[in-house]
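1. model the following, please.
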Amino acid sequence: MADDFRAVSLQTPAQYAEAAALYRAVFGYQEPDHGLNPRLLAALAHNGGSVVGVLDTSDRLVAFAYGFPGTSQSALYHYSQSAVVAADLQGRGLGRLLKYAQRDVALAAGMKHMRWTYDPFQVRNAHFNLNVLGARGRWYTPELYGPGTDRLVVEWNLTQEPSVDRAPVAEVPVPSDRAAVTNRVVGRVREEFTELLAMGLVATGIHRDDDKTWSYLFGSSA
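-> Sure, this is the predicted structure:
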């Protein structure tokens with residue numbers, strides 16, 4: 001149960017090192033250039049960023065997220081770069097604890113919105129981001145980190161609770177299994193997302209059609 005855990009802001013070199021180790025373990029990163037520098041986390045924590053974690057009853061770090069202030073034209077927001085949960089504890093509400101801990105940091109700094117990216121073909125993440133938190137998919141970025149890394153940029157209004165949306169005006173189906181995503185599927189989804197977002201619509205949610213397909217729901221940005 002989530003009651004067995006608590007969210008905190010990380011504050012010590014030992015905690016930053018533990019967070020960097022958890023990051024590597026969850027993502028399975030081996031190459032040095034995929035690692036996370038504990039000194040970067042210290043700098044973020046002391047200069048307006050968010051470095052938050054979830055501890056279990058023995059004070060072991062089991063989840064971690066970090067972010068920093070971002071700007072785009074006249075918009076100011078908190079950007080959440082990454083969030084990880086220990087593999088054996090995923091699906092127990094720790095992701096929500098992390099995001100709300102980041103939300104508290106951002107609000108304390110005077111920010112009203114948070115942004116982050118995720119793989120649009122990871123439907124579990126889509127459900128959490130759009131349906132649970134109430135974030136909205138607003139921008140589609142092809143190959144953000146290189147080939148095979150299309151990302152949907154979501155924006156979360158930190159001052160509003162998730163709301164029930166009106167009937168969607170468009171839907172975009174995606175496979176339920178990331179392994180079933182082919183280049184042809186990526187091209188179709190990229191084209192459909194780009195067209196709908198250019199029309200001023202946003203991704204407002206995702207629902208399951210059947211065992212093999214989910215559909216993104218698009219509606220007004222209001």
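2. contacts and neighbour counts: CA atoms only from here.
-> OK.
3. show me what contacts Val181?
-> Phe121, Pro175 (Cα atoms under 8 Å, 6 or more residues apart in numbering).
4. ok, it to Ala45 distance?
-> 37 Å (Cα to Cα, to the nearest Å).
5. could I get the full set of helices for this protein?
-> Ranges of helices in the chain, per DSSP state H, are 13-27, 38-45, 94-108, 123-126, 183-198.
6. looking at these, spot the one closest to Leu76.
-> Proximity to Leu76, assessed across the helices of the chain by Cα to Cα, is greatest for helix 94-108 (10.7 Å).
7. pull the CA atoms of that closest one into CSV?
-> Extracted C-alpha coordinates of helix 94-108, given in CSV (Å, rounded to 0.1, in the frame of the first residue of the first chain):
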residue,chain,number,x,y,z
LEU,A,94,4.6,5.5,-6.0
GLY,A,95,4.6,7.3,-9.4
ARG,A,96,1.7,9.5,-8.1
LEU,A,97,3.6,10.2,-4.9
LEU,A,98,6.6,11.3,-7.0
LYS,A,99,4.6,13.6,-9.3
TYR,A,100,2.7,15.2,-6.4
ALA,A,101,6.0,15.8,-4.6
GLN,A,102,7.4,17.5,-7.7
ARG,A,103,4.2,19.5,-7.9
ASP,A,104,4.7,20.8,-4.4
VAL,A,105,8.2,21.9,-5.3
ALA,A,106,7.1,23.7,-8.5
LEU,A,107,4.2,25.4,-6.7
ALA,A,108,6.5,26.6,-4.0
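8. picking up where we left off before, deepest of the helices of the chain, which one?
-> Among these, ranked by average contacts under mean count of other Cα atoms under 10 Å, first place goes to helix 94-108 (a mean of 20).
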